[in-house]
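> Sequence and predicted structure, then a few things I'm wondering about:
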Amino acid sequence: MSNQRLFGSIIMISGSVIGAGMLALPLATGDSGFIPASLLLVLGLTYLLMSAFCLLEVVLQFPNGGNFATMGKATLGQGGEWATKILFGLILYALLASYIAGDGSIVAAQLTAATGYLIPTWVGSLGFAIVLGLIIRLGMRATDWVNRSLAVVLFMSLSVVMWRMSSAVQVSHLSSMNVSMNLWHAVPIVIIAFTYQPIIPAMRDYLENDLKRIRIAFIVGGLIPFTLFLAWQFLVSGVLDSHGVKAIADSATPVVLLSAAIKRYSGIAHIQTIINVFSFCAITTSFIGVAVSCMHYLKDSIGKQVKSETVFTLLMVTPPLIFAEVFPKAYMMALNYAGIFVIILFGLFPPLMAYRLRQRSVSSTVDQTFRFGKGYAGLITLFLLSSLLIVMQL
């Protein structure tokens, strides 16, 4: 196998992680200070790799092309299949709701600035949902073209933002610390920011069960976004004081207010516009990826009853749009819910699945020698850690 596939896998993994979750990280962890927030990012990366390698053990014991519902049914029975389907659906819809709310606020703010009239956030959310829904409805060729174009603008604007903001960092802001339970409440958003587990079955297939390359792809693919997350946390914490970040996170339009606050504190010309461009592209590329997954999810679930692409598109976009319109703080709220669902689906379920497979010695068409951790210690640690993270959110 050529190294091109390994490189492509690393880019695909890191690209699926870098997006809307990155924007929310300093908002969720900002009032704790840079150092505690950085340690939480280390915890997020560690948890991601534990979950990913535990899930890999399960995936490797099923033929290529398997999905989570199939694995859930084979290991945890009919209830496991339905629980997996429901949780996966909840994650998709929670993420879509967050993205619609986030980009809706940016669209409304830009329209307000351009027209001079106050445009409500719900108008921006509705417009964003309609336009992106139509793009998804046009099919994968149009969707892929839009996604690639936005990805180019995303990385260009991110590079400019980091370069310009670096000159406005104040060291005194970085040294402040405020460790409290609020930091632990940021865990679900940190977890969702690092999530690439949904593409693990596809990566296994693409890398043809080559464990060495899979390990490299998982680790490097996680380290790249971790580095960017840490840099973004450093810049936002260094420019804004922690109390300012907390106030922004508690607002109804945190994405827009974050860029406005950075402009006010840094005094950098045009920085707000550049951050809004970066934010819009980050959220929209994330939206497209999740929307495509949601379309596949709906077709797998009700494809026998529904055949219309238009109906699938409406079912994909309408529920999260309603959620975004009903709840004023939908961006952070929905990301938080998605993080909790991810902990359950990719933190609690994989060790249970792996345990059942080890006990039952399910036959496999691929290598069964890979095991997560030594003995059952790894499975128990991941399960207990996931349980603790969920309890701490209650």
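Received the coordinates, thanks.
> Can you get me a residue count around D300?
Using other Cβ atoms under 10 Å, D300 has 13 neighbouring residues. The C-beta positions use only the backbone N, C-alpha and C, and glycine is treated the same way.
> Which secondary structure element is home to it?
Assigned by DSSP states H and E, D300 belongs to helix 271-302.
> same thing with Q233?
Counting by DSSP H and E, the element that carries Q233 is helix 211-239.
> May I see the buried residues of the following helix or strand past that helix?
Going down the chain from helix 211-239, the next helix or strand is helix 242-249, by DSSP H and E. Of the residues in helix 242-249, S242, G244, V245, K246, I248, A249 count as buried by neighbour count, 16 or more other Cβ atoms under 10 Å.
> hang on, the earlier thing: what packs against the helix holding D300?
Here helix 271-302 touches helix 20-29, helix 68-115, helix 121-138, helix 140-165, helix 254-266, helix 309-326, going by 3 or more Cβ pairs under 8 Å, 6 or more residues apart in numbering; DSSP states H and E.
> re the thing from before, tell me which of the buried residues of helix 242-249 has the lowest pLDDT.
Ranked by pLDDT, the buried residues of helix 242-249 bottom out at S242 (68).
> Could you list the low-confidence segments of the stretch 251-394 of the chain?
Along the stretch 251-394 of the chain, the parts satisfying pLDDT under 70 run over 361-369.
> and what of the stretch 1-150 of the chain?
1-2, 30.
> Check the burial of the closest residue to A129 other than its chain neighbours by counting its neighbours.
Counting by Cβ to Cβ, 6 or more residues apart in numbering, L321 is the residue found nearest to A129 once chain neighbours are left out, at 4.6 Å. A count of nearby residues for L321, using other Cβ under 10 Å, gives 24.
> so who does L321 touch?
By Cβ atoms under 8 Å, 6 or more residues apart in numbering, the residues touching L321 are A97, I100, S125, L126, A129.
> V306 now?
L298, F312, L315.
> Settle this for me: the last one is touching S301, isn't it.
Read that as L315. No - at 9.8 Å, L315 does not count as touching S301 under the criterion of Cβ atoms under 8 Å.
> gap between the nearest residue to Q393 once chain neighbours are set aside and F383?
Nearest-residue entry for Q393: I340, 5.9 Å, with adjacent residues in sequence omitted and distances by Cβ to Cβ, 6+ apart. I340 is 16 Å from F383, where distance means Cβ to Cβ, to the nearest Å.
> These two - which one has more neighbours?
Counting neighbours by other Cβ under 10 Å for I340 and for F383 shows that I340 has the greater number, 23 against 20.
> Need the contact partners of the helix or strand harbouring the more buried one.
Element membership for I340, per DSSP H and E: helix 330-343. Residues outside helix 330-343 that contact it (Cβ under 8 Å, 6+ apart) are 20-21, 24, 27-28, 87, 90-91, 94-95, 97-98, 100-102, 105, 187-192, 195, 197, 249, 253-255, 320, 323-324, 327, 386, 389-390, 393.
> Among the residues you listed, name the buried ones.
Neighbour-count burial within those applies to 20-21, 24, 27-28, 87, 90-91, 94-95, 97-98, 100-102, 105, 187-192, 195, 197, 249, 253-255, 320, 323-324, 386, 389-390; the criterion is 16+ other Cβ under 10 Å.
> if we can go back for a sec, any chance of the helices and strands packed on helix 271-302 in JSON lines with distance to N276 as columns?
Shown next, in JSON lines, are the helices and strands packed on helix 271-302 (distance: least, Cβ to Cβ, whole Å):
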{"stretch": "helix 20-29", "distance to N276": "11"}
{"stretch": "helix 68-115", "distance to N276": "6"}
{"stretch": "helix 121-138", "distance to N276": "12"}
{"stretch": "helix 140-165", "distance to N276": "9"}
{"stretch": "helix 254-266", "distance to N276": "5"}
{"stretch": "helix 309-326", "distance to N276": "18"}
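> hey, which of the ones you listed is tucked in deepest?
For the helices and strands packed on helix 271-302, the largest average neighbour count (mean count of other Cβ atoms under 10 Å) is found in helix 20-29, namely a mean of 26.
> I figured S251 was touching A260, is that so?
No - between S251 and A260 there is no contact under Cβ under 8 Å: 10.6 Å.
> how far does stretch 214-231 sit from the chain's center?
14 Å (Cα atoms, centre = their mean, to the nearest Å).
> Alpha carbons of it, as CSV, please.
C-alpha atoms of stretch 214-231 as CSV (Å, rounded to 0.1, in the frame of the first residue of the first chain):
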residue,chain,number,x,y,z
ILE,A,214,-4.1,2.7,11.1
ARG,A,215,-2.3,3.5,14.4
ILE,A,216,-0.3,6.3,12.7
ALA,A,217,-3.4,7.8,11.1
PHE,A,218,-5.3,7.8,14.3
ILE,A,219,-2.5,9.3,16.4
VAL,A,220,-1.3,11.9,13.8
GLY,A,221,-4.8,12.7,12.8
GLY,A,222,-5.6,13.5,16.4
LEU,A,223,-2.4,15.5,17.1
ILE,A,224,-2.9,17.9,14.2
PRO,A,225,-6.3,19.3,15.4
PHE,A,226,-4.9,19.2,19.0
THR,A,227,-2.1,21.5,18.0
LEU,A,228,-4.6,23.9,16.3
PHE,A,229,-7.0,23.8,19.2
LEU,A,230,-4.2,24.6,21.6
ALA,A,231,-3.0,27.5,19.4
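> Thanks a lot, catch you later.
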